[in-house]
Structures are given as C-alpha cells and as structure tokens.
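Q: coordinates for the following, if possible.
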Amino acid sequence: MIHSTAIIHPEAIIGTDVSIGPYSIIGQDVSIGSGSIIGSHVVINGPTKIGPNNKIFHHCSIGEDPQDKKFKQEKNSRLEIGEGNTIREFVSINRGTGEGGGKTLIGDNNWIMAYVHIAHDCIIGNEVVFANNVTLAGHVVIEDYVILGGFTGVHQFCRVGSYSFSAISSVIVKDVPPYVLVSGNSAKPSGLNREGLKRHGFDSTTINILRKAYKTIYRDGLILKDALQVLSELAVESNEVEVMRSFIAMSQRGIVR
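A: Below you'll find the model as predicted:
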C-alpha cells in the first residue's frame, strides 16, 4: 500500500489500510487516518492531522507553512482535516498562524477540486464543494453545504454562510449570508439559492419564508438595522430565518449588498 519511493518520516503516524503513492513525502508530526489514499508526488508537512477515508490526489501540498510574513514558526501552527474528503490535483492547504488561533480546519465530506488554495487559519465546514481554482485568503470561514464556483476568490476574514452559492469567477470581499446566491466582481447578491435548497430537502414553506427574508434585506429599500428588525419578526416562524438574521447581525465586514 506504500510505494517504495515514498519518503515517510519515522515519527509520522500512518493508519491501517493507508495507500501512499510514488515519490510522496510525509513529514514529521503528520498523522494520516485509516483508509486514506495519498496519490503520487504529494507533500504533507506537519503538524498536520488527517482523518480517515480521505482521498488526496497527485501533486498536492498539504500542511505547508502559512504564506504570512508575520509567521515566525510558532509551535501551535496546525492543520486538521476531517474524514471522507476528496482533494484533487495541485491543491494547496496551509497551516494556521499563532495570531490567527493556530489552526486551519477542514471538516468532513468536502469535495475540493483541482488547483484550489486554502490559506492559513481558514475554517471549512462539512459537505462543501470548491470548483477548480477557488482561492481562499487567510482567516476565511466557509460554513456547511456551500458551493463556490470555479475561479471564485474570497477576501481575508470573510464568512460565507451555509447553503450559499457563488457563480464562476466571483470575487467575494464581504460576508455572504446563508442561502444566498452571489456573482460578479465584486460579488453582488443574485437571488436566493432556491435550487440548492430544494436539492437539500428544504420544503416549499421554508423556501417561501426565506424568499421573504431575502426580499426584506435586498429589495425593500430598508437600511440594514430596520431589515434585521423585520427578520426578527419572521424568525418566529422559521429557524432558518433566525440563522440568516444571526449571521448578518454578527458580521464584522458587512454583507454583500
């Protein structure tokens, strides 16, 4: 299961039934969970913890030093990847920084396509899809079930809410609320992500009330403070609206609008 040309540090922890392809390098302080498949010419540096049943394709750079001039080889710099992720060719994922909390975190069952870059201190949830060439700057938060179209770029410290969607070549410089579809440079709201919600089992009643919430934020001409007050009233009928309202109320960068 481990090719003879692979170089594995003696202190690395390799789980059962792990496959490591030709010319891959596994560094010190790396842990790879059982059932994972590592392709050829992959470099994994630590401290990095990779959970079970991940598939990492050829020529990926995982757990390298963060691209941050302030980084001073802090010992708490880590990368943690959950289970069941697919990470395609030429993906790069950097560890966290001391100032950013120390960790870059990737959740479970994510689909990360070729040439994606995930920078230091990013937090990625579960069941997300990053199409080819998605680029995340440092300190970005991506919540569950997000889909980012190819060549999407996300500015540092932005948050992208659950079940949202970005069109191809979007440039996100402010927070994207949950359930919203965005497009353009800089990204602007293009509607509620109705198709995505249907695919994930949201019923028509929930989708309709989320449409009301979207209209309140983006089409009724209200300042954000007043829109949030209306959302508070709608949230009595819907937990999903409360998720949207809470996300917007906590935004530090402001939301796409």
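Q: in a strand, that's where residue 181 is, yeah?
A: Yes - inclusion of residue 181 in a strand is indicated when DSSP: H, G, I helix; E, B strand; the rest coil is applied.
Q: count of residues packed around it?
A: The local packing count at residue 181 equals 22, with neighbours defined by other C-beta atoms under 10 Å. (C-beta placed from N, C-alpha, C; glycine too.)
Q: surely residue 145 is in contact with residue 165?
A: No - the pair residue 145 and residue 165 does not pass the contact test of C-beta atoms under 8 Å, sitting 9.6 Å apart.
Q: neighbour count: the two, which is higher?
A: Neighbours were counted for residue 145 and for residue 165 using other C-beta under 10 Å; residue 165 has more, 26 against 22.
Q: ok, then the element right after whichever strand or helix holds residue 230?
A: If you go by DSSP states H and E, residue 230 is part of helix 224-234. Proceeding C-terminally, helix 224-234 gives way to helix 239-249 as the next helix or strand, assigned by DSSP H and E.
Q: output the contacting helices and strands for that next one.
A: Of the remaining helices and strands, those touching helix 239-249 by 3 or more C-beta pairs under 8 Å, 6 or more residues apart in numbering; DSSP states H and E are helix 204-218, helix 224-234.
Q: list the buried ones in it?
A: Under the neighbour-count criterion of 16 or more other C-beta atoms under 10 Å, helix 239-249 has 240-245, 247-248 buried.
Q: so what touches that helix?
A: Contacts to helix 239-249, defined as C-beta atoms under 8 Å, 6 or more residues apart in numbering, come from residues 159, 161-162, 175, 177-179, 202, 206, 209-210, 213, 217, 224, 228, 231-232, 234-235, 255.
Q: just the buried residues of those.
A: Of the members of the contacts of helix 239-249, the ones counted as buried by neighbours, 16+ other C-beta under 10 Å, are 159, 161-162, 175, 177-179, 202, 206, 209-210, 213, 217, 228, 231, 234-235, 255.
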